[in-house]
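Undergrad: Any chance you can model this:
(2 chains)
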Amino acid sequence: MATPAREILQESAHAAHLDDAVDEVFRLMMGAPCTPIEVGVADSKETITAVIGLAGAMSGACTLRCDLQTALRMAECMVGIRPAELDAMVKDAIGEVCNMVAGAWKGKHGVLSSGCMLSTPAVVTGTNYQLHMQQQEFRIDRNYRFESHTLNVSIICESIQ
Amino acid sequence: MFMSEIAALIVDDSSVMRKIVERALRQAGLPLSKVHEASSGVEALDLLKSERVQLILSDINMPMMDGLEFLRQLRSQDLAPDVPVVMITTESSEEHVKEAIVAGAQGYIRKPFTAEQVKDRVLPLLDLA
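TA: Modelled structure (predicted):
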């Protein structure tokens, strides 16, 4: 018999909740919409990925992946100053956006809202890397457009209690 | 109407979020004399031993000492009696809100937030609404 968490997530593992969470965060924190797109986010010379771990009723991660120009623009929208390079402030900003997206997404699922904890953000930079998990219950993988930029947000569920 | 100037303390491990919260306080029209920043509960408790503030805004999910433990220690050490504390966090379930209120918070704001939401939650606590 399925657990309540599994039942709820199976019903709503579709992308709509993630789309709503991403758009809410971008509208409120950056003053601009962030809408889903069908085309993939192209690999660039330098990719920035923020990761928030999920633990409790659901174990897994929320990731936000984008290129350098997108990361710089997101940081600029948040603090009001255009950063010149990928510094600690930019990584901090991307981590916080990912944190808010993960929080907003889990807040849309009653059983996860209180039963699933978020880690503090980790930010990874580099080229041509992928995040792997030992096992995967489900994965929501979505691409978005923010102004003229694109980004990818994923919810990777390793296990559900 | 004359409004006394207010010193605020913003506790968040993200320097970007500290800036955003400060900007929201200014947009809310708070007469800020000084804004102190701390990146953890430990740093905030240490700062409050030497600085007086009239308002504290704290994240919950922080390394070293989280916001709820900071709040409990703040109240038990009587470091800032009667100073309103507002939690600003991505954790927004009823259980989290209750836990924060029991620990001694007067307000709760969910991230992401608008300056208007900060104004609505904070000003009444300072009798500025």
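Undergrad: longest single helix anywhere in the chain?
TA: Just so you know, I chose chain A. Assignment by DSSP state H gives helix A:88-107 as the longest helix of chain A.
Undergrad: Not quite, go with chain B.
TA: Longest helix of chain B, by residue count under DSSP H: helix B:15-27.
Undergrad: Okay, angle between that helix and helix A:88-107 too, please.
TA: 80 degrees (axes from the mean of the first three to the mean of the last three C-alpha atoms, to 10 degrees).
Undergrad: Helix B:15-27 near chain A anywhere?
TA: Yes. For helix B:15-27 and chain A, the contact criterion (C-beta under 8 Å from any C-beta of the partner chain) is met by B:15-17, B:19-20, B:23. C-betas here are computed from N, CA, C, even on glycine.
Undergrad: can you tell me which two in those residues are farthest apart?
TA: Spatial extent of the residues of helix B:15-27 next to chain A (C-beta to C-beta) is set by the pair B:15 and B:23 at 12.8 Å.
Undergrad: Find the residues that touch each one of those two.
TA: Both residue B:15 and residue B:23 lack any common contact, where contact means C-beta atoms under 8 Å, 6 or more residues apart in numbering or on different chains.
Undergrad: and the next element down the chain from the host helix or strand of residue B:98?
TA: Taking DSSP states H and E as the criterion, residue B:98 maps to helix B:94-103. Downstream of helix B:94-103, the next assigned helix or strand under DSSP H and E is strand B:107-110.
Undergrad: quick one: low-confidence ranges for chain B?
TA: Scanning chain B for pLDDT under 70 picks out the ranges B:1-3, B:128-129.
Undergrad: ok, and the closest non-adjacent residue to the residue of it found nearest chain A?
TA: Here chain B gets closest to chain A at one residue, residue B:90, 2.7 Å apart by C-beta to the nearest C-beta. Nearest residue to residue B:90, sequence neighbours excluded (C-beta to C-beta, 6 or more residues apart in numbering or on different chains): residue A:103, at 2.7 Å.
Undergrad: check contacts around the residue nearest to the spatial centre of chain B.
TA: Nearest residue to the geometric centre of chain B (C-alpha atoms, centre = their mean): residue B:57, 0.9 Å. Going by C-beta under 8 Å, 6+ apart, residue B:57 touches B:8-11, B:21, B:25, B:85-88, B:109, B:122.
Undergrad: By neighbour count, which of those residues wins?
TA: Most neighbours among these, by other C-beta atoms under 10 Å in any protein chain shown: residue B:11, with 31 neighbours.
Undergrad: was I right about residue A:143 contacting residue A:42?
TA: No. In terms of C-beta atoms under 8 Å, residue A:143 does not count as a neighbour of residue A:42; the distance is 10.1 Å.
Undergrad: roughly how far apart are the residue in chain A positioned nearest to chain B and residue B:112?
TA: Distances between chain A and chain B by C-beta to the nearest C-beta are smallest at residue A:103, namely 2.7 Å. For residue A:103, the distance to residue B:112 (C-beta to C-beta, to the nearest Å) stands at 9 Å.
Undergrad: ok, of the residues of helix B:15-27 next to chain A, which one's closest to residue A:93?
TA: Sorting the residues of helix B:15-27 next to chain A by distance to residue A:93 puts residue B:16 at the head of the list, at 4.6 Å, by C-beta to C-beta.
Undergrad: which residues sit in contact with the closest one?
TA: By C-beta under 8 Å, 6+ apart, the neighbours of residue B:16 are A:75, A:78-79, A:89, A:92-93, A:96.
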